[in-house]
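# what shape does this take:
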Amino acid sequence: MIRCVLVPMACAVFVAPSIAAAQSHAAVAPRVTIGSGVLRGAWVDSTANVASFKGIPYAAPPVGPQRWRPPVPVTGWADERDASAYGFACPQEDRLKALFGVDLGPQNEDCLTLNVFTGALMASTAARAKAQPVMLWIHGGSLTMGAGSQTDGSRLAAQGAVIVTINYRLGTLGFLAHPALSDESPVRVSGNYGLLDQIAALRWVRANIARFGGDPNNVTIFGESAGGWSVHALLASPKARGLFHRAIIQSGGSGVAVPPLRREGNASAQASAERTGTEAALALGLRGADASAAELRALPVAALVAAAAGDFGGNIARFNIDKQVLTESPALAVAAGRSARVPLLIGSNADEGTILFRAAPATTVETFRGRLAADFKLIATDSLFALYPTDAAPQILRSWQSIMGDAELGAPAPWSAERAVKRGYTVFLYQFTRVATGPIGRTLGAFHAAEIPFVYGVRADQMPRLWGASPNDAELSRVMSAHWVNFARTGDPNGTSVPHWARYSPNGTHQEFGARIGPASGMGGRRYHLWMAELDRRLQAALR
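Residues are numbered from 1 along each chain as shown. Predicted coordinates:
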């Protein structure tokens, strides 16, 4: 019986993938032996020889007494494990299905699984000797929704990278901090369980990815939205140091708040997180700060999912500066040059706010002015109106979407890039500008998350209701996915058959991906300059 854990150095059971070279792989399922046992995957692409291994547990199920505890190593299995289907999605509201028709399948607390897509198993012996770069994807969804099954890594894998997509605990189950949970912790902290899951997945990659043809010494983390927040956090976390070697942040903000964002950005102090957890415990019918860990663990999953989606959701589902997993704000870490010293690829989309802010905050121009004055006290309302013209009520929603999209996600990309470059990091900056033209997408512009299909090599004309067709979609998809894989391979997105992408320098060019593909200048213009100045003010206030 094989009973190895995630660091299996003492268990010499590793063997080469059991695929006979002379056999047709259509008749023989791909098999890989890792530290915890044998996996049987499935072939994805008979031309590119891409195999997938899905639903692989990278940690023990976080259920029962393991709820709200750091992940622990998975127990090995004796029999061959079927890895042809995705594992459970972590518990969450079905908002993705309601909004976009995305069905993540069954949900369960036993959800700490990952998926591997690789084209290296059928390579020649000489090719296998040169391990492929590894790209670990962290999905978005405000830390409250999503799953690794949303993205198919097979097209990227066909370009010569081993792709890993992961699940991690979400919402209340992933980020609740509470005095009772801190009291039982050996280091006296709670929260950050979802971030610890991501670190556990990286440790699994270091221990096992060579079995799939991947190079554990060349790992790129990449993610979008909350996945981008996660990349920021992993760059700052001392517990993730040395587990990855490059980082890509897609629409991941900065971690420094600009009102009316979350008061403390995407991270809060331990005491603040525990206060929020106490309020949530009261709302769930428990005794607030006096609730026991046992009482918390007895709460039904449905109630915890509802809490994450309710009034406390935005405050619970964020990272916790607990002085253990995170010692400081991720934005402060990069601004001070204390985050992991790895090459960075950073960017955002031109119309981030259209899909995130669906309701107007006021019904008249005058009440809208009052809302802006209240939310942005240090910025003159006249300045905002000059940059975001709002002369009539029908303009209010689009102005609000532009303001919030630029403040939260658009401007923070070049701001983060500039802070990193000034500290000596290698940075490549982009903006995605491809405008959707399908019946759903035509009012959304280059909306939040719109770049993901192109990064993964999926043509937009394969999603006609959202996108519609555009003449350069195939080329846009080819170039973006090639740039991402090149960056994972060498830390530089440049290579043969792709436009040159210059390293970023303050006031320099960025790479545009849209109707045109190539270098561009003046990302966001005066609008971004306004928010970047506000981010600077907030950073200086945080440093004082």
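# what is the neighbour count of residue 409?
Using other Cβ atoms under 10 Å, residue 409 is surrounded by 22 other residues. (Each C-beta comes from the backbone N, C-alpha and C, glycine too.)
# what ranges of the stretch 51-200 of the chain fall below the confidence cut-off?
Segments of the stretch 51-200 of the chain classed as low confidence (criterion: pLDDT under 70) are 123-129.
# same thing with the chain?
Flagging of the chain using pLDDT under 70 yields the residue ranges 1-27, 46-48, 123-129, 255-266, 310-314, 440, 459-469.
# find the centremost residue of it, please.
In the chain, the centroid-proximal residue (Cα atoms, centre = their mean) is residue 227; its distance is 1.3 Å.
# after the top strand by length along the chain, next one along is what?
Longest strand in the chain, counting residues (DSSP state E): strand 214-224. The helix or strand immediately downstream of strand 214-224 is helix 226-236, counting by DSSP states H and E.
# for the following helix or strand past that following helix, which helices and strands make contact with it?
From helix 226-236 onward toward the C-terminus, using DSSP H and E, the following helix or strand is strand 246-250. Identification of packing neighbours for strand 246-250 by 3 or more Cβ pairs under 8 Å, 6 or more residues apart in numbering; DSSP states H and E yields strand 214-224, helix 226-236, strand 344-349, helix 473-490.
# what residues sit buried inside the following helix or strand past strand 246-250?
Sequence-wise, the next helix or strand downstream of strand 246-250 (DSSP H and E) is strand 267-269. By 16 or more other Cβ atoms under 10 Å, the buried positions in strand 267-269 come out as 267-269.
# what does stretch 518-532 give?
520, 523-524, 527-532.
# then stretch 532-544?
Within stretch 532-544, the residues scored as buried using 16+ other Cβ under 10 Å are 532, 534-535, 538-539, 542.
# closest one to residue 93 out of the buried residues of stretch 518-532, please.
Distances from residue 93 to these, taken as Cβ to Cβ, are shortest for residue 531 (30.2 Å).
# A helix includes that closest one, no?
Yes - the assignment for residue 531 by DSSP: H, G, I helix; E, B strand; the rest coil puts it in a helix.
# show me the contacts for the nearest residue to it once chain neighbours are set aside.
In space, and not counting its chain neighbours, residue 531 is closest to residue 411: 3.6 Å by Cβ to Cβ, 6 or more residues apart in numbering. Contact analysis of residue 411 by Cβ atoms under 8 Å, 6 or more residues apart in numbering lists 524, 527-528, 530-532, 535.
# and if we set it to 7 Å?
The neighbours of residue 411, taking Cβ atoms under 7 Å, 6 or more residues apart in numbering as the test, are 524, 528, 531-532, 535.
# could those residues be laid out in CSV, adding distance to residue 133?
What follows is the contacts of residue 411, written out as CSV (distance: Cβ to Cβ, whole Å):
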residue, distance to residue 133
524, 31
528, 32
531, 34
532, 32
535, 32
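# tell me which of those residues is nearest to residue 221?
The nearest member of these to residue 221, counting by Cβ to Cβ, is residue 535 at 23.1 Å.
# confirm that that closest one sits in a helix.
Yes - counting by three-state DSSP, residue 535 is located in a helix.
# is it in contact with residue 415, as I believe?
Yes - the criterion here is Cβ atoms under 7 Å, and residue 535 meets it with residue 415 at 4.9 Å.
# so what sits against both of these two?
residue 254.
# looking at the buried residues of stretch 518-532, which is nearest residue 341?
For the buried residues of stretch 518-532, the closest approach to residue 341 (Cβ to Cβ) belongs to residue 532, at 23.4 Å.
# quick check: next helix or strand after the strand or helix carrying residue 296?
Following DSSP H and E, one finds residue 296 within helix 293-297. With elements assigned by DSSP H and E, the helix or strand that comes after helix 293-297 is helix 301-309.
# which parts of that next one are buried?
Buried residues in helix 301-309 (16+ other Cβ under 10 Å): 304-309.
# is residue 434 in a helix, a strand, or coil?
Following three-state DSSP, residue 434 is assigned to coil.
# one step back: between the contacts of residue 411, which is closest to residue 376?
Ranked by distance to residue 376 (Cβ to Cβ), the contacts of residue 411 are led by residue 531 at 10.0 Å.
# and the angle from the longest strand of the chain to helix 473-490?
130 degrees (axes from the mean of the first three to the mean of the last three Cα atoms, to 10 degrees).
# what's next to strand 214-224, contact-wise?
Counting by Cβ under 7 Å, 6+ apart, residues outside strand 214-224 touching it are 118, 131-140, 162, 205-206, 209-210, 230-231, 234, 243-248, 250-252, 449, 452, 487-488.
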